[in-house]
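J.: Any chance you can model this:
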Amino acid sequence: MASTQAARPLRVVVAKAGLDGHDRGAKVIARALRDAGMEVIYTGLFQTPEQIVQTAIQEDADGIGLSILSGAHMTLFPLVVEQLKAQGAEDIVFFGGGTIPPEDAGELKAIGVRALFTPGAPLQEIVDFVNDACGRRRELVG
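T.: Model (predicted):
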């Protein structure tokens, strides 16, 4: 069984939460992750934190990438962290991106967001982070 898990590509949910209708960046990230050999589940627009976490659990995802450009990052990121804890799924690697000021980024990382990428971040940097963090998670949950 473990060898089947190891052979399976990393799975990542890419999500847009709340009323944020700008999804071009999320689609670019989803494509980059797919091109790197990962399975990507894109949730589409206007998802709730509960829906995002449920999708990740149902899809046996290794990671969740949340894209926010609406300015609601200090509300929506913590809600996803709360849902991960409530569902006993804190091992899922949670990262995000968007227009997030540095002072907010520190606070979000302190509550459990593993990495944040702002506009202009190199795609390879994001792919490398996901490969590393989700790969380590996969080794731990075996």
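J.: In this protein, mark out all the helices, start to finish.
T.: 2-7, 24-35, 49-58, 73-86, 102-111, 123-141 (DSSP state H).
J.: For the fourth one, what is the distance to the chain centroid?
T.: Taking the mean of its C-alpha atoms, helix 73-86 sits 12 Å from the chain's own mean (Cα atoms, centre = their mean, to the nearest Å).
J.: out of the helices of the chain, nearest to residue 93?
T.: helix 123-141 (4.6 Å; Cβ to Cβ). All C-beta spots, glycine's among them, are computed from the backbone N, C-alpha and C.
J.: what packs against that closest one?
T.: The contact analysis (3 or more Cβ pairs under 8 Å, 6 or more residues apart in numbering; DSSP states H and E) places helix 123-141 against helix 24-35, strand 63-68, strand 93-98, strand 115-117.
J.: Now tabulate the helices of the chain in a markdown table and tack on distance to residue 65.
T.: Listed next are the helices of the chain as a markdown table, based on distance: least, Cβ to Cβ, whole Å:
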| stretch | distance to residue 65 |
| --- | --- |
| helix 2-7 | 21 |
| helix 24-35 | 6 |
| helix 49-58 | 10 |
| helix 73-86 | 11 |
| helix 102-111 | 14 |
| helix 123-141 | 7 |
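J.: got CSV for those, with mean neighbour count too?
T.: Below are the helices of the chain laid out as CSV (neighbours: other Cβ atoms under 10 Å):
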stretch, mean neighbour count
helix 2-7, 8
helix 24-35, 17
helix 49-58, 19
helix 73-86, 19
helix 102-111, 13
helix 123-141, 15
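J.: So for residue 17, which of the ones you listed sits nearest?
T.: Nearest to residue 17, of the helices of the chain and by Cβ to Cβ, is helix 73-86 at 4.6 Å.
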